[in-house]
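Asker: build me a model from this:
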Amino acid sequence: MEVKVNVEFRFYEEINDYLPPDWRKVMISRTVRAGKAVGEVIAGFGVPVKEVDLILANGVSVCIDYPLCNGDRIAVYPVFESFDIGTVSLLAGRPLRHIGFVVDRDLEKLAAALHDVGYDVLQTANRKQVSALVNEKGRVLLTRKPEWFEKERVTRGYCVRGNTLDEQLREVLERFNLDRSRLK
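Answerer: Purely as a prediction, here's the structure:
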């Protein structure tokens, strides 16, 4: 017989963009199989785990394979780029100090614009190369395709939502707390 447990989830900041409006910024109760990995449940909400930088279970940082227990209270936070959480986060290894991007081909104009305002940007569509650049070199994947996060094990990434180049550029600069004064 499968044992079920009751767990509460709370998602913070832009991670709420993936949730239906009535689930945003509130506690969400779920009944799940005992021992199910917290990352699986987070993904089940439609949240790409690769956009998560910190998961707290009852106030303590845990990995994505943390087995859920009855009564757990889970807090899910997005990538922190503006301050160092490396001493508490068990997910990403180390926070970025120097932000370098790897951008897929669908965001070619955004890659050029970021480069033009002085940011370190590489562009590729090769999945193995993207994975290596993100995981080994500490770059941030910028894409419009959420499936990149599902198919590849990247530790840093962001799905760009804006439709125009101006919206995309401002979104990325704001998301990563970058110098917006570089914009013309």
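Asker: got the buried residues for the longest helix belonging to the chain?
Answerer: In the chain, assigned by DSSP state H, the helix with the most residues is helix 165-175. When neighbours are counted by 16 or more other CB atoms under 10 Å, the buried residues of helix 165-175 are found to be Gln168, Leu169, Glu171, Val172, Leu173, Arg175. To be clear about C-beta, it is placed using only N, CA and C from the backbone, and glycine gets the same treatment.
Asker: show me which of those is closest to Phe45.
Answerer: Here the nearest of these to Phe45, counting by CB to CB, is Arg175; it sits at 20.1 Å.
Asker: my guess is that closest one contacts Glu14. True?
Answerer: Yes - assessed by CB atoms under 8 Å, Arg175 is found in contact with Glu14 at 7.1 Å.
Asker: okay, Val47: pLDDT?
Answerer: In this prediction, Val47 carries a pLDDT score of 93.
Asker: follow-up on the earlier one: ok, the buried residues of helix 165-175 vs Val121, which is closest?
Answerer: Nearest to Val121 among the buried residues of helix 165-175, with distances taken as CB to CB, is Val172, at 10.2 Å.
Asker: center of the chain, which residue is that?
Answerer: Per CA atoms, centre = their mean, the C-alpha nearest to the average position across the chain is that of Glu51, at 0.8 Å.
Asker: the nearest residue to Leu141 once chain neighbours are set aside and Arg24: what is the separation?
Answerer: Ranked by CB to CB, 6 or more residues apart in numbering and with sequence neighbours excluded, the top spatial neighbour of Leu141 is Gly157, at 3.7 Å. Remark: distance between Gly157 and Arg24 (CB to CB, to the nearest Å) = 21 Å.
Asker: neighbour count: the two, which is higher?
Answerer: Each of Gly157 and Arg24 has its neighbours counted (other CB atoms under 10 Å); Gly157 has more, 22 against 14.
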